[in-house]
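this one's structure only:
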């Protein structure tokens, strides 16, 4: 099970200097250098990684970026408290080193530069307040299907499609059936559609002929779906739905290659 102290892993940015201790001896070059840079560089960051170790003292690693070109490795351990505390060593180039202590409080920490005297006493030289930086979340990659859906939705938001169809059938006795239908589909900006069908059906049998008018209407909601490079128009109403392959460029469009349409925008 991960140590609870791992919740302190993260990147902290400097907010402001805190309390200063007694004057730092000249031989403590690393402490003097870091204290000066952290007070003058307002973009300093502390990257901490708390790893599993003994439950009482998890290891602390990371880097302290004191200037754009100068970083110090963080090497230390932590006690979980409360409050949680860390202590250890900062190691930079050119032989610069310093001791540190840190006290954690929610998303902030008080980070203190320190050094040991010849007698082994730890002296805090200068403290700084840091605040956890929220992790940067990369935006999701663009969805090509979403772009195609948006494109077709914009084109269809006020459009009209028409189609005509006739069917016929006959039998050996001379009877027959003939149907002719003209369809008009209107798509509206609020997502509604209206489909009107007008025509007639004619039946002949035994020398008799009957003609029946056809008049049907449907209303419902329209939308666009896409998969890959193919977009489809979806029509949905109560107890009925239908879909059509969309094609065409400019103002001219078609559904399943049979319905001819035009944008009315």
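Looks like it came in fine. Note that this is a predicted model, so its numbers are computed, not measured. Numbering: from 1, shown residues only.

hey, let's count contacts and neighbours off CA atoms from now on
Will do.

Which strands and helices lie in contact with the host helix or strand of residue 32?
Following DSSP states H and E, one finds residue 32 within helix 29-40. On a contact count with 3 or more Cα pairs under 8 Å, 6 or more residues apart in numbering; DSSP states H and E, helix 29-40 meets strand 10-20, strand 57-67, strand 97-105, strand 108-116.

Name the residues of the third one that are buried.
It refers to strand 97-105. Applying a neighbour-count criterion of 16 or more other Cα atoms under 10 Å, one finds 97, 98, 99, 100, 101, 102, 103, 104 buried in strand 97-105.

Count residues in the vicinity of the nearest residue to the last one once chain neighbours are set aside, would you?
Across the structure, with Cα to Cα, 6 or more residues apart in numbering as the measure, the residue nearest residue 104 apart from its sequence neighbours is residue 84 (5.4 Å). As a burial measure, residue 84 scores 16 neighbours (other Cα atoms under 10 Å).

I'd assumed residue 78 was in contact with residue 84.
Yes - Residue 84 is within contact range of residue 78, at 7.1 Å (criterion: Cα atoms under 8 Å).

quick one: strands adjacent to the lowest-mean-pLDDT helix or strand in the chain?
When each helix and strand of the chain is scored by mean pLDDT, DSSP states H and E, strand 45-54 comes last, with a mean of 80. Counting by DSSP bridges, the strands paired with strand 45-54 are strand 10-20 (antiparallel), strand 57-67 (antiparallel).

Which of these has the highest mean neighbour count?
Mean neighbour count (mean count of other Cα atoms under 10 Å) peaks for strand 57-67 among those, with a mean of 21.

Would you mind listing the buried residues in the helix or strand following that one?
Sequence order places strand 70-79 as the next helix or strand after strand 57-67, per DSSP H and E. Along strand 70-79, these residues count as buried under the neighbour rule (16+ other Cα under 10 Å): 71, 72, 73, 74, 75, 76, 77, 78, 79.

From these, pick the one nearest residue 188.
Taking Cα to Cα as the measure, residue 188 lies nearest residue 71 of the buried residues of strand 70-79, at 61.1 Å.

Make CSV out of the buried residues of strand 97-105 and add pLDDT.
As requested, the buried residues of strand 97-105 are arranged in CSV below (pLDDT from 0 to 100):
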residue, pLDDT
97, 93
98, 95
99, 96
100, 96
101, 95
102, 94
103, 94
104, 92
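
With distance to residue 224 added, can I get those residues in TSV?
Output for those, formatted as TSV (distance: Cα to Cα, whole Å):
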residue	distance to residue 224
97	63
98	63
99	63
100	60
101	60
102	56
103	56
104	52
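
farthest-separated two in these?
Largest separation among the buried residues of strand 97-105 by Cα to Cα: 97 and 104, giving 22.4 Å.

ok so, going back, out of the buried residues of strand 97-105, flag the one nearest to residue 35.
residue 98 (10.0 Å).

quick one: contacts for the closest one?
Counting by Cα atoms under 8 Å, 6 or more residues apart in numbering, residue 98 touches 28, 30, 31, 89, 90, 91, 113, 114, 115.

quick one: which of these is most hemmed in?
Within those, most neighbours by other Cα under 10 Å means residue 114, with 27 neighbours.

Report pLDDT for that residue.
Residue 114 carries a pLDDT score of 95 in this model.
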